[in-house]
Structures are given as C-alpha cells and as structure tokens.
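**Q** Below is the structure, and that's it, no one-letter string:
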C-alpha cells in the first residue's frame with residue numbers, strides 16, 4: 001500500500017546539516033569563525049552562481065526569470081518549496097510503484113485496495129484519513145517551527161519570512177547520520193537530492209497523467 005511505503009521511506013537521507021545562528025551581513029565576522037562555522041554561513045548564502053543544484057549543461061535554469069527581482073529571502077523560499085515538493089514526489093513515486101505491485105496481497109486493509117494507485121486513497125477507511133491528516137499536521141508544524149519566523153515577529157510586508165540562519169530543507173532529520181561535514185560534500189549531497197527530487201516530480205506527474213488517461217496502473221503498463 002502506498003501509504004505504508006511513504007512512512008517507511010521517511011528514513012531517507014534528507015538534508016539535516018545544522019548550522020549555527022550567524023549573521024550573513026557582517027563579512028568581518030567570518031575571520032573569527034571556525035572552518036565549520038564558515039561552511040555553515042556559505043551554505044546559507046543564496047546567490048544564483050553558487051546554489052546547490054546548478055549543474056551543467058543547463059547551469060542556473062530559470063527560463064521564466066523568477067529570480068530576476070528576488071532577494072535572498074525570496075530565493076530561500078523558492079528553494080524550500082522546490083525541496084519540499086521534490087521530497088513529496090520521491091515518496092509518491094515509490095508509493096505508486098510499490099502500492100500497485102503489492103495490491104491484493106498486502107496485509108493492510110484486508111488486501112481490499114485495488115486498481116491504479118491514483119484510486120487507492122479513495123478506497124481507504126476514514127480512520128486512515130484522520131491518522132494521515134494528523135501525521136501531516138505534526139510534520140508541517142515541526143517544519144514551520146524550525147524554518148519560519150513566528151508570524152507576530154515577522155514584518156507586516158514580509159509574511160512567511162524564513163529564519164536568517166535557516167538552510168532550506170534542513171529540519172534536523174538525519175536518523176542514519178548520512179550528512180557529511182565538509183561544505184563541498186554537503187553541496188554535492190544537496191545537489192543529488194535536488195536532482196532526484198526534480199526527476200521524481202516529472203515522474204509523478206507522468207504517472208498520474210497516464211493513469212488518468214486509460215485507467216491502468218503504471219506497473220500494469222510496464223508488464224504489458
């Protein structure tokens with residue numbers, strides 16, 4: 001079942017590199033920092049030329065020029081949104097494939113969930129929906145408390161402002177301790193996560209579109 005796969009996959013090596021609270025506005029302060037602290041500051045700088053995920057052959061891919069008039073705070077929100085959607089898409093893509101592969105044989109819901117994965121959620125009982133809503137609410141509350149300035153402390157003209165020392169996507173979740181320590185290795189891992197997330201977003205859209213067109217599961221398409 002797709003939902004069970006989603007919960008299991010949450011133990012993936014999503015970003016969890018914690019930097020100290022450092023001001024990015026004082027260049028002179030860098031001279032008093034350790035190499036690890038400097039790495040944290042550099043990772044938190046959001047300039048188009050040194051963002052994770054900027055790779056050949058496309059370079060900084062922004063065909064609609066969203067970043068043209070975006071300040072650092074806006075760029076950080078864009079990256080937070082991209083990471084979040086990428087992670088959800090990776091979980092969804094795995095859930096689609098595994099959910100359809102085990103349908104009719106899973107111990108969940110008496111093996112009554114059948115058909116294309118896009119119809120699975122509509123077949124589950126109400127208690128599952130309540131549990132799912134609670135889980136999502138707790139996860140989003142945690143993410144908001146880590147990354148966002150409290151609404152009462154944010155400027156009126158800047159709602160949804162991220163914390164100055166917050167690295168988008170870094171909510172401290174790394175149960176397997178896979179996040180490296182050096183800036184270069186962290187950037188490489190962030191780029192890998194972004195690239196996999198981007199591919200997964202395209203894959204998830206493709207799977208949903210294909211199943212909506214002909215009503216067949218994506219696994220069934222692979223086997224036919």
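**A** That came through fine. Since we're looking at a predicted model, the values are computed, not measured. Numbers count the residues shown, from 1 in each chain.

**Q** ok, and the closest non-adjacent residue to the spatially most central residue of the chain?
**A** For the chain, the residue lying nearest the average C-alpha position, counting by C-alpha atoms, centre = their mean, turns out to be residue 84 (2.8 Å). Once flanking residues are discounted, residue 84 sits nearest to residue 169: 7.4 Å by C-beta to C-beta, 6 or more residues apart in numbering. C-betas here are computed from N, CA, C, even on glycine.

**Q** right, and the one you found touches residue 81 too?
**A** No. If you go by C-beta atoms under 8 Å, residue 169 and residue 81 don't touch, sitting 10.1 Å apart.

**Q** Comparing those two, which shows the higher neighbour count?
**A** residue 169 (24 against 11; other C-beta atoms under 10 Å).

**Q** hang on, the more buried one in a strand?
**A** No. According to DSSP: H, G, I helix; E, B strand; the rest coil, residue 169 belongs to no strand; its state is coil.

**Q** helix or strand right after the longest helix seen in the chain?
**A** Scanning the chain for the longest helix, with DSSP state H as the assignment, gives helix 183-214. Reading on from helix 183-214 to the C-terminus, the next helix or strand found by DSSP states H and E is helix 218-223.

**Q** buried residues in that next one?
**A** Buried positions in helix 218-223, judged by neighbour count with 16 or more other C-beta atoms under 10 Å: 218-219.

**Q** pLDDT averaged over the strand or helix carrying residue 77 - what is it?
**A** Taking DSSP H and E as the definition, residue 77 sits inside helix 72-101. Rounded to a whole number, the mean pLDDT of helix 72-101 is 91.

**Q** Next, residue 158: secondary structure please.
**A** Here residue 158 takes the coil state, with states given by three-state DSSP.

**Q** contacting residues for the closest residue to it other than its chain neighbours?
**A** Computed as C-beta to C-beta, 6+ apart, the closest residue to residue 158 that is not its neighbour in sequence is residue 73, at 6.9 Å. Taking C-beta atoms under 8 Å, 6 or more residues apart in numbering as the definition of contact, the neighbours of residue 73 are 158, 161-162.

**Q** Need the phi and psi values for the residue nearest to residue 84.
**A** Backbone torsions of residue 169, given as degrees, to the nearest 10, read phi 90, psi -10.

**Q** Got phi/psi on residue 59?
**A** Backbone geometry at residue 59, expressed as degrees, to the nearest 10, gives phi 70, psi -140.

**Q** burial of residue 116, as a residue count?
**A** Other residues within reach of residue 116, judged by other C-beta under 10 Å, total 23.

**Q** Does it touch residue 219 like I think?
**A** No. Taking C-beta under 8 Å as the contact criterion, residue 116 and residue 219 are not neighbours in contact, 9.2 Å apart.

**Q** intersection of neighbour lists for the two?
**A** Listed as contacting both residue 116 and residue 219 by C-beta under 8 Å, 6+ apart are residue 100.

**Q** nearest residue to residue 210 other than its sequence neighbours?
**A** Excluding its sequence neighbours, the residue lying closest to residue 210 (C-beta to C-beta, 6+ apart) is residue 218, at 6.3 Å.

**Q** What pLDDT is listed against the one you found?
**A** Per the predicted model, pLDDT is 86 at residue 218.
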